[in-house]
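**Q** okay, predicted coordinates and the sequence, questions at the end:
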Amino acid sequence: MPVMALDVGMKRIGVAVADPSASFALPVAVLERTNLRADLERIVDLARDYQAGEIVVGDPLRLSGERGPAAEQIDRFVEHLRKSFSGAIHRMDERLTTAQAQKVLIAADVSRAKRKTVVDKMAAALILETFLARRRGSGQGLP
């Protein structure tokens, strides 16, 4: 089953999915946050649309690797997601993924206005790429 990744922010949620062979991540959507129930419903709908059996959620650790207030908010978000989504949910360190996505978009000469609309799904794709690479490296493969 495909894997979906989320870059959960205060205002937006970036979404990416893996291709069927789990070789690479495709940025697919940016959801504007409204309220928790609606956000979870849209995520579950997307997971169903893409037939995702697993969701990877970016874990916003501090640069030191410690958990801070942002990570604690994501902990609560994931607990709510577990009640709505029946598949496996994984956490993946997301430190610097948004900055990395910004650099890629700037290098591609994407306008500032356009960057704002795509950076979150690009960050989700980077989170998913890291997850897939680690999974391949561990020999775990996909079910």
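**A** That came in fine, so what should we check first? Remember, predicted model here, so these are calculated numbers, not experimental data.

**Q** quick one, helices of the protein?
**A** 36-49, 69-84, 97-107, 112-138 (DSSP state H).

**Q** now mean pLDDT too, for those helices, in JSON lines please.
**A** Putting the helices of the chain into JSON lines (pLDDT from 0 to 100) gives the following:
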{"stretch": "helix 36-49", "mean pLDDT": "97"}
{"stretch": "helix 69-84", "mean pLDDT": "93"}
{"stretch": "helix 97-107", "mean pLDDT": "68"}
{"stretch": "helix 112-138", "mean pLDDT": "82"}
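
**Q** winner for burial among these?
**A** Most buried of those, by mean neighbour count (mean count of other Cβ atoms under 10 Å): helix 112-138, with a mean of 19. Every residue, glycine included, has its C-beta placed from N, CA and C.

**Q** wait, G14 touches M4, no?
**A** No: using Cβ atoms under 8 Å as the test, G14 is too far from M4 to be in contact (11.0 Å).
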